[in-house]
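> Structure for the following, please:
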Amino acid sequence: MGAEGDEEDSNEGFRLLCETSGVGFWHIDTRGRTVYLNAAMSSMLELDSPADIGDATFHEFFTARSLEPMRVEHDKRLSGYASTYEVELLGRRGTIRNVVLSGVPVWRAGELIGRIGTFTDITDRKAAELALRESEHRMRSLFGASVDAIGVAHAGTHLMVNPAYVRMFGVRDERELLGSPIFELIAPSERSRVLDFAKHRSEGKHLTQRYLTRGLRRNGEEFALEVHASSYEERGEVYSVVILRDITERLRLEEQLRESQKMDALGRLAGGVAHDFNNLLMVMMGCADLIAADVHVGADAIANAELIRSTADRAASLTRQLLALSRRQVIDPKVIDLDAVVIETSIMLRRLIGPRIDLVVESEPGLGRVRVDPNQIQQVVMNLCVNARDALPDGGRITVATRNAHLDEAFVRTLGDVAPGPFVHLLVTDNGVGMDLETKRRLFEPFFTTKPLGEGTGLGLSTVYGIVKQSGGHVSVASAKGEGSEFSVYLPIVEAPLAESRRETEAPSAGTSATILLVEDEHQVRQLLEKFLTRAGYHVLAAPGAQQALELFAQHAPTIDLVVTDILMPGLTGVELARALDKQRSGLPVLFMSGYAHDDGADIEARPGSAFLPKPFTMPQLTAQLRALLGAKAIAPTPRRP
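Residues are numbered from 1 along each chain as shown. Take a look at the predicted model:
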């Protein structure tokens, strides 16, 4: 073929290479007009075919910010420098693509006749690189901002840790940890167990593990640690990723919740027992009063009745303690100055705790007011001081102090049962024997006591717990063996005037010929009250429940002067019964009875002509309430039907 044929073959081969290449080839003249365009370049320019470029110039297909660097690079090439650089290619339909341009000038007989350039599309690669950078940025941001400690380890040593990891273990910066053994941060007693977990994970038996252990800070402090660990393999090497969480606070709150649930369960049990027991005591005490009031019995019978009565009184006191534990004790809250109660109680306490113990009372000027039952708070102070006295077998000091305190959100989170705000802080401290952790943990449990068998009921501190909770407050203790104890009671401050002290006066009698509708579901209690009221001269209509009471009322409505009803009954409650009666005759006086506090207290207080009498009660207490209600309504003796 000769040289000419070889050249033709070479040109044909080059053309085929250009046409089938994925790289764009573009040959232009000195005016920027296209001399040759391959298919790949045509596609980048968003042309239907290479011929579709027409008279369009080279510079029309680049973004404005690419033109200046292209000019600079072209001048370099004319000076003999080869260059490759990145530009933005603008397609016919407006698509911008990132391309790498490599170009050379074309000379003929020493004259520049054009340029040839190759264009490599790197748009997808650029997008992938950008996505990778963004992903890495997000991961580093998450890694750095995570509240959980995150670390990467290889062969048991730290390769990477985040700031939370540094803070968790109490080191200055990550350089103290990188390259150090990871097991140095595990409590010695736990290292063999954690090593077994790591061994199983490296062998592929568990790709992801979660377990609890104990961490070790640089200062030697141990803490509860939750570990999420996983492994991955890279180039034949196994790496571990651990996410660590300090769960000390979580475990404390869980323990607090369990204790609260336990106390609530015991309280509900105690409340149920106390409710039934109060009804039994009501009968025992009432029958003892009836025997003692009978003029036909002898002195021995009266003495026995009084013994029954005094024993029942002690049982009633025990029942009140159970109700305090269950937060169902009947209370009479008033706005008071806590200092006044403490000072009044301290007079009795000095006699109670004995001469070998020094009682110190401290108060803060301007103490806030609290809304509590004064008698109950007096019981709280006495119980805490008696408990402190028992911790001072050889004498010592008890300090009762009051002060204002503002509990912020961070502090109340550690308490778990009160809201932030102003409180009065009552402290009772002693320098006695203190207590160990187990005793402190069970301190407020009902019937728990450290005293010898037969001494004490174990209800003193559980009563304190129930009273404080029922008053909307919080009680806690700080103590250590041999270092004394400090009990803290927090009661919310109220912005209200102090309750006025009122002298009790007997209400005027409305006569004893009034008719009373008695509603009580307990048969024995109903019998006893019917005897009480009949002996007092009242005419009694007795019903075992609300439905029967409504039927009796329908028959005797004009003659009924007052209703005495238990609150908790099957079917309608006493409060619901009163509402039903109000629809038939408004303003009817109602005396409510119950053996424990209930959720209808606000309704009773709001209803005109209502009063509440806690069980067990005495005959004089009952008749006094009746006289007050009947006198308040100025009810005259009602003529009886013939």
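> C-alpha only now, for contacts and for neighbours.
Noted.
> Show me what the nearest residue to residue 475 once chain neighbours are set aside bridges to in the sheet.
Nearest in space to residue 475, with sequence neighbours left out and distances taken as Cα to Cα, 6 or more residues apart in numbering, is residue 489 at 4.5 Å. Per DSSP bridges, the residues bridged to residue 489 are residue 426, residue 475.
> What is the burial count for residue 616?
Residue neighbour count, defined by other Cα atoms under 10 Å, stands at 24 for residue 616.
> OK, contacts around it?
If a contact means Cα atoms under 8 Å, 6 or more residues apart in numbering, then residue 616 has 278, 279, 281, 282, 285, 316, 595 as its contacts.
> what's the answer for residue 302, then?
Residue 302 neighbours (Cα under 8 Å, 6+ apart): 291, 292.
> Let me know the average pLDDT across the host helix or strand of it.
Using DSSP states H and E, the element containing residue 302 is helix 299-325. For helix 299-325, the mean pLDDT works out to 68.
> Give the partner strands of the helix or strand just after it in its sheet and their orientations.
For helix 299-325, the succeeding helix or strand toward the C-terminus, using DSSP H and E, is strand 334-336. Sheet pairing of strand 334-336 (DSSP bridges) gives strand 369-372 (antiparallel).
> Tell me the first helix or strand C-terminal of the partner strand.
helix 374-390.
> Which neighbouring elements make contact with that following helix?
The elements that helix 374-390 packs onto, with contact taken as 3 or more Cα pairs under 8 Å, 6 or more residues apart in numbering; DSSP states H and E, are helix 338-353, strand 396-407, strand 421-430, helix 460-470.
> Taking helix 338-353 as reference, get the angle to that helix.
Interaxial angle of helix 374-390 relative to helix 338-353 (axes from the mean of the first three to the mean of the last three Cα atoms, to 10 degrees): 40 degrees.
> pLDDT (mean, whole number) over helix 374-390?
For helix 374-390, mean pLDDT rounds to 84.
> Check which residues of that helix are buried.
For helix 374-390, a neighbour-count test (16 or more other Cα atoms under 10 Å) marks 374, 376-389 as buried.
> picking that back up, I'd like the helices and strands packed on helix 374-390 as a markdown table, with distance to residue 84, mean pLDDT and mean neighbour count appended.
Putting the helices and strands packed on helix 374-390 into a markdown table (distance: least, Cα to Cα, whole Å; pLDDT from 0 to 100; neighbours: other Cα atoms under 10 Å) gives the following:
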| stretch | distance to residue 84 | mean pLDDT | mean neighbour count |
| --- | --- | --- | --- |
| helix 338-353 | 88 | 82 | 16 |
| strand 396-407 | 69 | 90 | 19 |
| strand 421-430 | 71 | 92 | 22 |
| helix 460-470 | 80 | 80 | 24 |
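> Just to be sure, residue 541 is in a strand?
Yes: assessed with DSSP: H, G, I helix; E, B strand; the rest coil, residue 541 lies in a strand.
> which stretch among the helices and strands packed on helix 374-390 comes nearest residue 73?
Ranking the helices and strands packed on helix 374-390 by proximity to residue 73 (Cα to Cα) places strand 396-407 first, at 71.5 Å.
> Now that closest one - C-alpha only, CSV.
Output of strand 396-407 as CSV, limited to C-alpha atoms (Å, rounded to 0.1, in the frame of the first residue of the first chain):
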residue,chain,number,x,y,z
GLY,A,396,-26.0,14.6,122.1
ARG,A,397,-27.7,17.4,120.1
ILE,A,398,-30.8,17.7,118.0
THR,A,399,-31.2,20.7,115.8
VAL,A,400,-34.6,21.7,114.4
ALA,A,401,-34.2,24.5,111.8
THR,A,402,-36.4,26.3,109.3
ARG,A,403,-35.4,28.3,106.3
ASN,A,404,-36.6,29.5,102.9
ALA,A,405,-35.4,27.6,99.9
HIS,A,406,-35.9,27.9,96.1
LEU,A,407,-35.8,24.6,94.3
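> Go ahead and name everything in contact with that strand.
338-339, 342, 356-364, 367-368, 385, 388-389, 420-432.
> now with 6 Å?
Residues outside strand 396-407 that contact it (Cα atoms under 6 Å, 6 or more residues apart in numbering): 357-364, 367, 420-430.
> Which secondary structure elements does the next helix or strand after it sit against?
Moving toward the C-terminus from strand 396-407, the next helix or strand (DSSP H and E) is helix 409-415. If you count contacts as 3 or more Cα pairs under 6 Å, 6 or more residues apart in numbering; DSSP states H and E, helix 409-415 packs onto no helix or strand.
> mean confidence score for helix 409-415?
Averaged across helix 409-415, the pLDDT comes to 79.
> how far out from the middle of the chain is it?
Computed by Cα atoms, centre = their mean, to the nearest Å, the chain-centroid distance of helix 409-415 equals 10 Å.
> Could you give me the buried positions within stretch 539-556?
Residues 539, 540, 541, 542, 543, 544, 545, 546, 549, 550, 552, 553 are the ones in stretch 539-556 that count as buried (16+ other Cα under 10 Å).
> Please name the bridge partners of the fourth one.
Looking back up the chat, that one is residue 542. Per DSSP bridges, the residues bridged to residue 542 are residue 518.
> No more questions from me, cheers.
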